[in-house]
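> got a structure for you, letters missing:
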């Protein structure tokens with residue numbers, strides 16, 4: 001299994017302690033560490049400076065080091081239940097390419113009226129990985145997912161075209177697995193507790209507001225164009241939805257910061273659209289560094 005991390009030694013320690021308590025011990029725990037100062041503590045703890053703001057590249061590096069038939073991915077700020085790996089393993093049957101599990105976070109709750117792990121025709125992702133029952137899904141949660149290694153290799157791994165926050169990188173990979181014929185299963189019995197380290201460790205600074213708004217809008221546009229460029233409803237959503245949301249936010253807050261975010265969102269959308277169109281022209285996808 002692969003854990004990617006950056007500048008979170010205390011939280012990483014807790015994450016690894018929970019992995020050591022698994023009822024089904026992992027074959028290996030590969031830590032891909034892009035911290036400013038890396039002190040590897042075993043042969044499977046790798047310094048990977050190119051992973052800074054590049055979760056896809058760090059995940060691909062971990063895949064390259066993995067020896068198991070199935071590669072599980074756990075965020076460093078997720079604490080796995082003792083039966084987590086065992087429950088993921090139980091989800092694998094014939095034709096199953098990947099299995100993901102439940103995310104427990106006090107900020108989010110399961111909505112029985114919404115689908116789980118769905119992406120609609122406009123490219124709108126619906127997560128809802130907070131409850132429900134076992135089922136086939138289109139996409140899995142990035143902080144709690146696993147795939148057969150041969151499927152990861154078949155689709156070319158994670159796309160490093162997702163930058164900064166890397167928003168949507170896991171959904172991109174899941175759609176490619178699904179379109180290649182792989183079936184994905186959501187299994188809520190495989191539960192992890194999300195600590196939300198960005199808030200817990202005070203990683204989010206006020207001056208980063210523009211950075212995150214840029215990366216989310218840019219990556220959303222990249223994802224939508226890359227996978228749904230032929231859908232008129234996707235373009236309609238892409239060009240109007242964020243603008244309407246920004247206008248509502250501005251009207252409710254009357255904030256200068258929010259006002260200044262308008263041009264940032266517009267510019268990031270245009271950049272994402274351009275890069276999404278370029279990804280479409282590339283067609284073949286092999287994102288591993290050979």
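Arrived safely, thanks for sending. Just so you know, these numbers come straight off a predicted model, no measurement behind them.
> isn't residue 111 right next to residue 129, touching?
No - Residue 111 is beyond contact range of residue 129, at 11.1 Å (criterion: C-beta atoms under 8 Å). C-beta here means a position set from N, CA and C on the backbone, and glycine is covered the same way.
> Touching stretch 111-123 from outside, list them.
Under the contact criterion C-beta atoms under 8 Å, 6 or more residues apart in numbering, stretch 111-123 has outside partners 100, 125-129, 131-132, 135, 137-141, 171, 174-175, 184, 186, 223-224, 227-228, 231, 233-234, 236-238.
> mind listing what's buried in whichever strand in the chain runs longest?
Counting residues, the longest strand in the chain under DSSP state E turns out to be strand 183-194. Across strand 183-194, burial judged by 16 or more other C-beta atoms under 10 Å covers 184, 185, 186, 187, 188, 189, 190, 191, 192, 194.
> Out of those residues, which comes closest to residue 40?
residue 192 (24.4 Å; C-beta to C-beta).
> show me where the protein has helices.
Secondary structure of the chain (DSSP state H): helices located at 9-20, 55-65, 84-90, 149-154, 169-179, 197-200, 209-228, 232-253, 256-282.
> Need those helices in CSV (columns: mean pLDDT, distance to residue 106 and mean neighbour count).
Listed next are those as CSV, based on pLDDT from 0 to 100; distance: least, C-beta to C-beta, whole Å; neighbours: other C-beta atoms under 10 Å:
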stretch, mean pLDDT, distance to residue 106, mean neighbour count
helix 9-20, 95, 17, 16
helix 55-65, 96, 24, 22
helix 84-90, 98, 19, 21
helix 149-154, 97, 32, 17
helix 169-179, 97, 22, 22
helix 197-200, 68, 11, 14
helix 209-228, 87, 21, 22
helix 232-253, 82, 23, 14
helix 256-282, 81, 26, 16
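> Format those helices as a markdown table; extra columns: distance to residue 39.
Output for those, formatted as a markdown table (distance: least, C-beta to C-beta, whole Å):
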| stretch | distance to residue 39 |
| --- | --- |
| helix 9-20 | 8 |
| helix 55-65 | 17 |
| helix 84-90 | 26 |
| helix 149-154 | 28 |
| helix 169-179 | 27 |
| helix 197-200 | 19 |
| helix 209-228 | 28 |
| helix 232-253 | 41 |
| helix 256-282 | 36 |
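> Enumerate every residue touching the residue nearest to residue 154 when sequence neighbours are not counted.
Spatial nearest neighbour of residue 154, chain neighbours left out: residue 180 (6.2 Å); criterion: C-beta to C-beta, 6 or more residues apart in numbering. By C-beta under 8 Å, 6+ apart, the contact list for residue 180 reads 151, 154, 155.
> quick one on the thing from earlier: neighbour count for residue 111 and residue 129, which is higher?
A count of neighbours by other C-beta atoms under 10 Å puts residue 129 above the other of residue 111 and residue 129, at 26 against 13.
> how close does that one get to residue 102?
Per C-beta to C-beta, to the nearest Å, residue 129 is found 6 Å from residue 102.
> Spit out the residues that contact the two alike.
With C-beta under 8 Å, 6+ apart, residue 129 and residue 102 have common neighbours 144, 188.
> is residue 102 in a bridge, and if so with what?
residue 191 (DSSP bridges).
> list the contacts for residue 142?
Residue 142 makes contact with 55, 73, 75, 169, 170, according to C-beta under 8 Å, 6+ apart.
> redo that, cut-off 6 Å
residue 170 (C-beta atoms under 6 Å, 6 or more residues apart in numbering).
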